[in-house]
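>>> got a predicted structure plus its sequence, pasted below:
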Amino acid sequence: MKLSAALLALSLTAPIGLTITAAAPTQAQTATTDLSPAKATQVSELLLKALRQRQASVLHQTLTDSVRSSITVEQVQKRLDQRTAINNSRVVGVSPGYRTTTVDAVVTTAAGDEPLLIVLDDDGKLLAWKWTDQVQPIETTALAFVKDLADGKWLMARSKLSLDLQQDLAPADLQRKWTKLDEVAGGFRKIKDAVIASQGGNQQLVLVAVEFGKATSNLFVIFDDRGRIINVDISRDFV
């Protein structure tokens with residue numbers, strides 16, 4: 001199993017309050033994903049075609065194992081059927097990152113062009129996707145948490161964590177982790193968006209795509225069923 005898929009499975013089963021740590025990064029650990037931009041584009045175009053044709057079975061098969069096991073073909077189909085028809089689609093950007101690749105696409109409906117964000121793992125499997133005009137409560141919280149980190153507001157960021165997790169993570173811990181990621185990744189540029197990878201259970205996973213100078217990294221933010229942050233992965237490869 002590739003690192004991104006294994007990490008996703010780990011994050012969704014990690015005990016409440018567990019913080020993720022790792023040794024100093026090796027050269028291999030700091031490399032970007034093995035997925036080439038050409039392959040990411042090819043996979044994304046296949047996904048976009050499935051979206052246009054509302055082929056839930058195709059989309060379901062492209063999901064990572066851990067995500068696919070948590071959602072049925074019927075649930076995917078229901079989500080597709082709720083969207084307006086897509087007349088056209090195209091990939092407009094591919095951003096390789098650490099363990100994941102973020103793909104920016106555009107879909108054209110009767111209302112015009114709409115941005116679509118796709119997150120792929122090392123194997124080109126689908127971790128998450130969303131129309132970027134849709135934001136749900138846990139996405140809002142995850143975005144606010146990462147914005148606090150980017151702004152250096154360590155106390156404010158920590159206040160968004162569950163009480164159990166706050167006992168394990170001091171403001172200085174958040175500062176150290178974010179600063180290390182910022183240095184290795186080439187400097188913070190902007191927060192792109194948040195995407196829900198798993199929702200509705202005891203542990204919900206949101207990926208926050210952050211653009212740095214050298215790569216776009218997807219930060220893992222895990223919530224409980226009440227929308228409280230119970231685990232964060234501020235890049236376990238670097239800290």
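Sure, I can see it. Numbering: from 1, shown residues only.
>>> how long is stretch 126-142 end to end?
Counting by CA to CA, to the nearest Å, you get 20 Å between the two ends of stretch 126-142.
>>> mind listing what's buried along it?
Leu126, Leu127, Ala128, Trp129, Lys130, Ile138, Glu139, Thr141, Ala142 (16 or more other CB atoms under 10 Å). For every residue, glycine as well, the C-beta is placed using N, CA and C.
>>> stretch 154-168 now?
Buried residues in stretch 154-168, counted by 16+ other CB under 10 Å: Trp154, Ala157, Arg158, Lys160, Leu161, Ser162, Leu165.
>>> so the residue nearest to the spatial centre of the chain, which of the three states?
Compute the mean C-alpha point of the chain, and by CA atoms, centre = their mean the closest residue is Leu207, 2.4 Å away. In three-state terms, and counting by DSSP: H, G, I helix; E, B strand; the rest coil, Leu207 is strand.
>>> who's it bridged to?
Val195, Phe220 (DSSP bridges).
>>> Val103 too?
The partner residues for Val103, given DSSP bridges, come to Val94, Ile118.
>>> just the pLDDT at it, thanks.
Looking at Val103, its pLDDT reads 93.
>>> what sits against it?
By CB atoms under 8 Å, 6 or more residues apart in numbering, the contact list for Val103 reads Ala40, Thr41, Ser44, Val91, Gly93, Val94, Ser95, Leu117, Ile118, Val119, Leu120.
>>> and whichever strand or helix holds Leu143, what does it pack against?
Secondary structure assignment for Leu143, by DSSP states H and E: helix 137-150. Packing partners of helix 137-150 (3 or more CB pairs under 8 Å, 6 or more residues apart in numbering; DSSP states H and E): helix 154-159, helix 171-184, strand 188-198, strand 203-212, strand 216-224, strand 229-233.
>>> where does the protein dip in pLDDT?
Applying pLDDT under 70 to the chain flags the ranges 1-32, 132-135, 235-239.
>>> what residue spans form the domains of it?
Domain segmentation of the chain under automatic domain parsing yields 37-131, 135-233.
>>> from Asn218, how far out is Leu47?
Noted for Leu47: a distance of 17 Å to Asn218, by CB to CB, to the nearest Å.
>>> let me redo that: Ser70
In terms of CB to CB, Ser70 sits 18 Å off from Asn218.
>>> what's the end-to-end length of stretch 155-163?
The first-to-last residue distance of stretch 155-163 comes to 13 Å (CA to CA).
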